[in-house]
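S.K.: just the structure for this:
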Amino acid sequence: MHQRHYHGQFNLRLFGSLATVTLAMVLLAACGGGSKTSTSASNSHTSSGTTSNASTNSQTSLKTACDPMAMVTINEHTASGKADQYFFAPDHITIKAGEFITFSNQSDEVHVLVSTPAAALSQSAIDRNEQQPVQFTRAGTYTLESQDVKHRATMQVTVTSATGSTCGISTPSTTISFMEKHTQGQPDLYALTPKTVSIHAGQSIILSNLTDQALNFSCKPSADIMEGNLRVDMNEQQVVQFAKVGNFTCTSTASPTSTLVVDVH
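M.R.: Below you'll find the predicted structure:
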């Protein structure tokens, strides 16, 4: 944000007044009034500082209305003659109820996340080279791990009872379902339900894959939602944020003729 500086115009009367005030202060100091003037100036400075601090605190309060996105990377360690070891970094994290953690999968395996006890997570499969936000709505301490024991990574997530929000992403307001219809002797038919949705920039939707195969999801024009790498696996629900204003037509690879229109305003 740019600040404008306003410059006052000084005239001869103002300079004359300043000269008079300066002379009066010299005379008061000579008469023993200097300490009172100094105290007054000090009080004035303190008052100004208090106002400045109050303003700063107010601005800080506004800036901390949401919390930065928590980021966790899924990594792997390889060693000759040994099985690959998979791990979360960091492997302990604390957030508030309702906030998100974005998982970035830098390993060579797909990681389906499960929690103990159940954290009311939507089914989340983090594909290779994918970043995916996952929301935690229930307070508690959870062990989060990869579902497949062959490439299991484990971490602890503590969700406090305080309600919070993650900067830049909101709780999804709409679920879009990929539906599939089987008819003997006919190609499978896919559909997106509902077919239209209207949201504000920065809001999210949930993509729910109810078909029998993984689907890639993309939009035209580009909505900056990882087109080409936004994969929704079978029985998975994935949070997708639309940050750009525009009118987007989105499809799945399985059925490019079945469209979803997302109006972001």
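S.K.: C-alpha from now on. contacts and neighbour counts both.
M.R.: OK.
S.K.: need the contact list for Thr158.
M.R.: Contacts for Thr158 (C-alpha atoms under 8 Å, 6 or more residues apart in numbering) come out as 92-95, 139-142.
S.K.: reformat those residues as TSV; add neighbour count.
M.R.: What follows is the contacts of Thr158, written out as TSV (neighbours: other C-alpha atoms under 10 Å):
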residue	neighbour count
His92	14
Ile93	16
Thr94	13
Ile95	23
Ala139	18
Gly140	16
Thr141	17
Tyr142	17
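S.K.: can I get those in a markdown table including secondary structure?
M.R.: Converted to a markdown table, the contacts of Thr158 look like this (DSSP: H, G, I helix; E, B strand; the rest coil):
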| residue | secondary structure |
| --- | --- |
| His92 | strand |
| Ile93 | strand |
| Thr94 | strand |
| Ile95 | strand |
| Ala139 | coil |
| Gly140 | strand |
| Thr141 | strand |
| Tyr142 | strand |
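S.K.: and the furthest pair within those residues?
M.R.: His92 and Ala139 (15.3 Å; C-alpha to C-alpha).
S.K.: can you list the domains in the chain?
M.R.: Using automatic domain parsing, the domain parsing of the chain gives 12-63, 70-163, 174-264.
S.K.: including mean pLDDT, could these go into JSON lines?
M.R.: Output for these, formatted as JSON lines (pLDDT from 0 to 100):
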{"stretch": "domain 12-63", "mean pLDDT": "44"}
{"stretch": "domain 70-163", "mean pLDDT": "92"}
{"stretch": "domain 174-264", "mean pLDDT": "86"}
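S.K.: from Thr257, how far off is the nearest residue to Asp188 once chain neighbours are set aside?
M.R.: Leaving aside its chain neighbours, Asp188 sits nearest to His182 (5.1 Å; criterion: C-alpha to C-alpha, 6 or more residues apart in numbering). His182 sits 17 Å away from Thr257, going by C-alpha to C-alpha, to the nearest Å.
S.K.: show me where this structure has its helices.
M.R.: Counting by DSSP state H, the chain has helices at residues 12-30, 34-63.
S.K.: just give me the neighbour total for the residue nearest to Asp188.
M.R.: 10 (other C-alpha atoms under 10 Å).
S.K.: same check on Pro68?
M.R.: 14.
S.K.: hey, what's the closest residue to Ala254 other than its chain neighbours bridged with?
M.R.: In space, and not counting its chain neighbours, Ala254 is closest to Leu215: 6.5 Å by C-alpha to C-alpha, 6+ apart. Applying DSSP bridges to Leu215 gives these bridge partners: Val232.
S.K.: ok so, going back, would you format the contacts of Thr158 as JSON lines with distance to Val72 included?
M.R.: Listed next are the contacts of Thr158 as JSON lines, based on distance: C-alpha to C-alpha, whole Å:
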{"residue": "His92", "distance to Val72": "9"}
{"residue": "Ile93", "distance to Val72": "9"}
{"residue": "Thr94", "distance to Val72": "12"}
{"residue": "Ile95", "distance to Val72": "12"}
{"residue": "Ala139", "distance to Val72": "19"}
{"residue": "Gly140", "distance to Val72": "19"}
{"residue": "Thr141", "distance to Val72": "17"}
{"residue": "Tyr142", "distance to Val72": "15"}
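S.K.: which single one of those is nearest to Thr166?
M.R.: Among those, Ile95 lies closest to Thr166 (C-alpha to C-alpha), at 9.4 Å.
S.K.: now do the closest residue to Pro68 other than its chain neighbours, the pLDDT please.
M.R.: Closest residue to Pro68 apart from its sequence neighbours, by C-alpha to C-alpha, 6+ apart: Cys167 at 5.4 Å. The model reports Cys167 with a pLDDT of 90.
S.K.: may I have the phi/psi pair for Cys167?
M.R.: According to degrees, to the nearest 10, the main-chain angles of Cys167 amount to phi -60, psi 130.
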